[in-house]
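1. Sequence first, then the predicted structure:
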Amino acid sequence: MMEFTAKQIAELLNGTTEGDENAIVNSFSKIEEGTPGSLSFLANPKYTHYIYETEASVVLVNDSFEAQKEIKATLVRVEDAYKSIAILLNLYNKMTEKPSGIEKQSFVHKKAFLGKNIYVGAFSYIGKDAKIGNDVQIYPGCYIGNNVKIGNNCIIYPGVKIYYNTVIGNNCTIHAGTIIGADGFGFAPNGGETFLKIAQIGNVVIEDDVELGALVTIDRATMGSTFIRKGVKLDNHNHIAHNVDIGQNTVIAAQSGVAGTAKIGENCMFGGQVGISPHVTIANGVKISAQSGISNNVLKENSILMGAPAYDLRAYHKSYVHFKNLDDIVKRLEQLEKKLSSE
Amino acid sequence: MMEFTAKQIAELLNGTTEGDENAIVNSFSKIEEGTPGSLSFLANPKYTHYIYETEASVVLVNDSFEAQKEIKATLVRVEDAYKSIAILLNLYNKMTEKPSGIEKQSFVHKKAFLGKNIYVGAFSYIGKDAKIGNDVQIYPGCYIGNNVKIGNNCIIYPGVKIYYNTVIGNNCTIHAGTIIGADGFGFAPNGGETFLKIAQIGNVVIEDDVELGALVTIDRATMGSTFIRKGVKLDNHNHIAHNVDIGQNTVIAAQSGVAGTAKIGENCMFGGQVGISPHVTIANGVKISAQSGISNNVLKENSILMGAPAYDLRAYHKSYVHFKNLDDIVKRLEQLEKKLSSE
Amino acid sequence: MMEFTAKQIAELLNGTTEGDENAIVNSFSKIEEGTPGSLSFLANPKYTHYIYETEASVVLVNDSFEAQKEIKATLVRVEDAYKSIAILLNLYNKMTEKPSGIEKQSFVHKKAFLGKNIYVGAFSYIGKDAKIGNDVQIYPGCYIGNNVKIGNNCIIYPGVKIYYNTVIGNNCTIHAGTIIGADGFGFAPNGGETFLKIAQIGNVVIEDDVELGALVTIDRATMGSTFIRKGVKLDNHNHIAHNVDIGQNTVIAAQSGVAGTAKIGENCMFGGQVGISPHVTIANGVKISAQSGISNNVLKENSILMGAPAYDLRAYHKSYVHFKNLDDIVKRLEQLEKKLSSE
């Protein structure tokens, strides 16, 4: 990392300095682990007390921040400290060297089409009629099946496996070990107690600006497509079943599962380990608390839900407080019963 | 896909036509997305209203279906529309070209034994004394450890890793990234607070007609074998621990976990994100609702369970309705208390 | 396996024989599946009845074991039968042949540094400036990114992917398909409803004696490091988010998730499918029951918790008994109401 002064950083972020504007930083640190020569930030109020002790040389803070004590570090005041640190980290990240070229030990089918300025790592396999856009990095050990389309400016990390006919848009990032386009889980009873496999002949369509964590699975549709819409972010170990449709900019934390043919709205946020039943529809802007289960449609936009089955979060919390007190509640009931029977 | 008339399809499925028996189809569609020239089906009553609007040229319906309005499409009446569409999709799927041959960039140990008509993709590794049956497809990037046995007519999708000594039967399908035969999670307290690893020297045995989804783990036994019996279907992200035995034709939805030495009966169905405790026995035909937890034996066949710990599903639902009303219930209790104290 | 007499085994384990000290064994078996010529053990009292029927030739038992009937097998009495069998299994395991050498179809960057006596399987990739210690086995299909450090005596099973800058200590075992160092799940709201990716420029540090199961994910820190401390054992499908710190000798069962910046104490034990919220601190020695959720700090050492949100396990069980009886409880409440209104 090159060196920057507090003043240069403030100019870059449209902010103002407070303290020594010539303070120099050449690395990033968390505020609680701040070291001299590093740049830190304060966004979560829980961490405010660290700003009075941090050894970081420069700290980004929100314009609204009011110091209660003396601060050793130079402050750079910006509108949104969290967004500003994101901008700086991304700039830093873009300056790091990226791999490029086709490594010799890869397999590229002679009928595959590769765009400009791409990286194909060793032991990656690119199938027949696959079409890879420009500025795409495919790390080692990936599998890109026949007739897969990948847009421009995507990063496919090591070991990602993409089945045939999958379509991926521009600016997508897919982390290691993720599996796209495996068969949906479809079986028809076949007399007796055995099952008949239902061939899954559809595909998966992932739109632009999607980020998938590590070890995510997105199953291909029985017919038609499973859709991951523009701007969706899925954390590690998510499972998206066949024919699901996840709406734009929806964010799902780790280890959640969405069962077959569920339709999830836009701008939703799900916590970790959430489960969505098959064929359910969820409106836009719905928030679901971690470990909750949704077994029926949620048609009211911006609902905030908890429980299994889930309902209104505040109501759930109220019930849960009583649940914790049930032993006491039952004792009160018993006392009333005694009183009444003795009357 | 070749073209078929409604009449030809009816003959193939032992069904009868209603409407233009010469209507031609050359693709499949979901009834709600039906396009001219496509074949659709109606099995789930929730979708009945689409049949009056669908643009599909031919629709498979159950014999028992009674139209309430005029229908544009040609109907093909069959005994079981869902099973019939499964049959057609499988026929279609079988007509697609399958990969074959040993790709040059693979590794096949000189002491491995390969059957006839098999595919070994690039970057797949087949170890010493491994024995692969006839008509097996091993996609790129798989690892087949030493002394693994795989039967006939299996499909191993990209990136599957199979540890040494695993035994797999005939007609099995294993989706991408699944791990078979990793060590069971066994540690003995070792004085102080450290643990002594217990070497896992058993194996995994998978019988015929099993389908495993993507990113499933099945751990090897400490001693003896972990068993996945004939006809079992496991969805993505399932975890099966060491020395577990999953009975014939049992079906488990995504992200469920079965802990060590549990014995699961035949013909069971578990929803997603279910957890089974170690050493538990579950009878045949038991159904467990999604996200439930089983911590004790379930010895009654065909039980239907929910909750964590799980018990009778209907009883659970009844209790859960009261749980949601607990605030009201406690208020009623308070009123009674007031009444009685004021008397 | 070579042959041993009961007497030899007793000497090795500092135990005493009871019965024919010349009984010979050459394999291991579970007590319920014991075969002549095999060595078994009895540690879990649930299995005691099998000792009177087992065909195993020799059985390890605790010194405290008191037979209620005649036993055919030779007993070897030891202080701790479970630990003793672990010692024997590990000895057996160490005698099996291990792979070694650099397989020709691997990729080792010319600027990577490899220690002595190591194995690099075909299709494994070792990046620039990576440093691998002595006596390390890297199975086929792994990816070791740039500048990764791995200590001595580690086993990296097939298909493990380790991102750049990760640091791994000595004596670590990492099972197949595990992903270390993928980006933490960090996004800042970016005006409208889109998100700005926060580059994750930190790393993962794994200390000595750690075992990770198959398909585990451990995300890299935003800044600084995600820490897995000495002696930690994580079962399959665990998810450890960015900037988490898991304390020494903590053990976590399968499919659990620890969200960002959570700090887990030493010697904790979590059941399967547990969820820990972001930024939570958990004290040393805390035990958490399977499927529980922790949303607040747990500052009392050695707490035993259950529920979602979790609290004291015994109290939870008490409440849950009442929950199951809620229908009856509400009926009792109704009767009181009737009685009082009729008075």
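-> Now that the structure is in, tell me what you want to look at.
2. CA only for contacts and neighbour counts going forward, please
-> Noted.
3. Let me know the secondary structure of the residue in the stretch 1-150 of chain A that chain B sits nearest to.
-> As assessed by CA to the nearest CA, chain B sits closest to residue A:123 within the stretch 1-150 of chain A, at 6.1 Å. When classified by DSSP: H, G, I helix; E, B strand; the rest coil, residue A:123 comes out as coil.
4. One more: residue A:105?
-> Going by three-state DSSP: residue A:105 is coil.
5. Do I have it right that it meets residue A:140?
-> No: if you go by CA atoms under 8 Å, residue A:105 and residue A:140 don't touch, sitting 9.5 Å apart.
6. Which of the two has more residues huddled nearby?
-> It is residue A:140, of residue A:105 and residue A:140, that has more neighbours when counted by other CA atoms under 10 Å in any protein chain shown, with 32 against 19.
7. Identify the spatial nearest neighbour of that one, chain neighbours not counted.
-> Sequence neighbours aside, residue A:121 is the residue nearest to residue A:140 in space, at 4.0 Å (criterion: CA to CA, 6 or more residues apart in numbering or on different chains).
8. For the closest residue to chain B within chain A, give its distance to residue A:5.
-> Chain B sits closest to residue A:198 of chain A, with a gap of 4.7 Å, by CA to the nearest CA. Plainly put, residue A:198 is 62 Å away from residue A:5 if you go by CA to CA, to the nearest Å.
9. and those two? which has more neighbours close in?
-> Between residue A:198 and residue A:5, counted using other CA under 10 Å, the more crowded position is residue A:198 (23 against 19).
10. May I have the residues that are in contact with the more buried one?
-> Listed by CA atoms under 8 Å, 6 or more residues apart in numbering or on different chains, the contact set of residue A:198 reads A:186-188, A:222, B:85-87, B:89-90.
11. Out of these, who's the most crowded?
-> residue A:222 (26 neighbours).
12. follow-up on the earlier one: need the contact list for the residue of the stretch 1-150 of chain A closest to chain B.
-> Residues near residue A:123 by CA under 8 Å, 6+ apart: A:105-107, A:140-142, B:122-123, B:141, C:123.
13. make it 7 Å
-> Residues near residue A:123 by CA atoms under 7 Å, 6 or more residues apart in numbering or on different chains: A:105-107, A:140-141, B:123, C:123.
14. For residue A:44, grab the count of nearby residues.
-> Close neighbours of residue A:44, defined as other CA under 10 Å, add up to 9.
15. For residue A:27, see how far away it is.
-> Distance from residue A:44 to residue A:27, by CA to CA: 20 Å.
16. that older thread, mutual contacts of residue A:105 and residue A:140, please.
-> Between them, residue A:105 and residue A:140 share the contacting residues A:122-123, judged by CA under 7 Å, 6+ apart.
17. Write out the residues of the stretch 151-300 of chain A neighbouring chain B.
-> A:161, A:179, A:182, A:185, A:188, A:193-194, A:197-199, A:217, A:223-224 (CA under 7 Å from any CA of the partner chain).
18. Pull out the buried residues from those.
-> A:161, A:179, A:182, A:185, A:188, A:194, A:197-199, A:217, A:223-224 (16 or more other CA atoms under 10 Å in any protein chain shown).
19. Write out the residues of the stretch 51-200 of chain A neighbouring chain C.
-> Checking the stretch 51-200 of chain A against chain C by CA under 7 Å from any CA, the hits are A:82-83, A:86, A:89-90, A:93, A:123, A:141, A:158, A:175-176.
20. Count the neighbours of residue A:98 for me.
-> Around residue A:98 there are 9 residues (other CA under 10 Å).
21. my read is it is in a strand, agree?
-> No: assessed by three-state DSSP, residue A:98 does not belong to a strand; its assignment is coil.
22. Backbone dihedrals for it, both of them.
-> Taking degrees, to the nearest 10, you get phi -110, psi 150 for the backbone angles of residue A:98.
23. Now do the contacts for it.
-> Counting by CA under 7 Å, 6+ apart, residue A:98 has no contacts.
24. any idea how far it is from residue A:3?
-> In terms of CA to CA, residue A:98 sits 21 Å off from residue A:3.
25. now residue A:195
-> Taking CA to CA, one finds residue A:195 at 64 Å from residue A:3.
26. Same question for residue A:276.
-> Distance of residue A:276 to residue A:3, given as CA to CA: 48 Å.
27. Of these two, which one has the most company?
-> Neighbours per residue (other CA under 10 Å) separate residue A:276 from residue A:3, with residue A:276 holding more: 27 against 11.
28. The more buried one reaches residue A:294, doesn't it?
-> Yes: between residue A:276 and residue A:294 there is a contact under CA atoms under 7 Å: 4.8 Å.
29. is it true that residue A:152 touches residue A:134?
-> Yes: using CA under 7 Å, residue A:152 is in contact with residue A:134, at 4.7 Å.
30. show me where pLDDT drops low in chain A?
-> A:1, A:343 (pLDDT under 70).
31. now the angle between helix C:326-342 and the longest helix anywhere in it, please.
-> Secondary structure assigned by DSSP state H gives helix A:326-342 as the longest helix of chain A. Following axes from the mean of the first three to the mean of the last three CA atoms, to 10 degrees, one obtains 40 degrees for the angle between helix A:326-342 and helix C:326-342.
32. Now helix A:326-342: buried residues?
-> A:326-327, A:329-330, A:333, A:336-337.
33. Kindly report the same for stretch A:153-161.
-> Those buried within stretch A:153-161 under the rule 16+ other CA under 10 Å are A:153-161.
34. show me what contacts the closest residue to residue A:2 other than its chain neighbours?
-> Spatial nearest neighbour of residue A:2, chain neighbours left out: residue A:26 (5.8 Å); criterion: CA to CA, 6+ apart. By CA under 7 Å, 6+ apart, the contact set of residue A:26 is A:1-4, A:37-38.
35. and if you look at residue A:339?
-> Going by CA under 7 Å, 6+ apart, residue A:339 touches no other residue.
36. Roughly how far does it sit from residue C:339?
-> 12 Å.
37. try residue A:17
-> 74 Å.
38. same deal with residue A:325?
-> 25 Å.
39. Give me the three-state assignment for the residue in the stretch 1-150 of chain A that chain C sits nearest to.
-> The stretch 1-150 of chain A approaches chain C most closely through residue A:86 (4.7 Å), counting by CA to the nearest CA. Put simply, residue A:86 is helix when judged by three-state DSSP.
40. Once you drop chain neighbours, what's closest to it?
-> Nearest to residue A:86 is residue C:198, by CA to CA, 6+ apart, at 4.7 Å.
41. quick one, phi/psi of that neighbour?
-> phi -100, psi 110.
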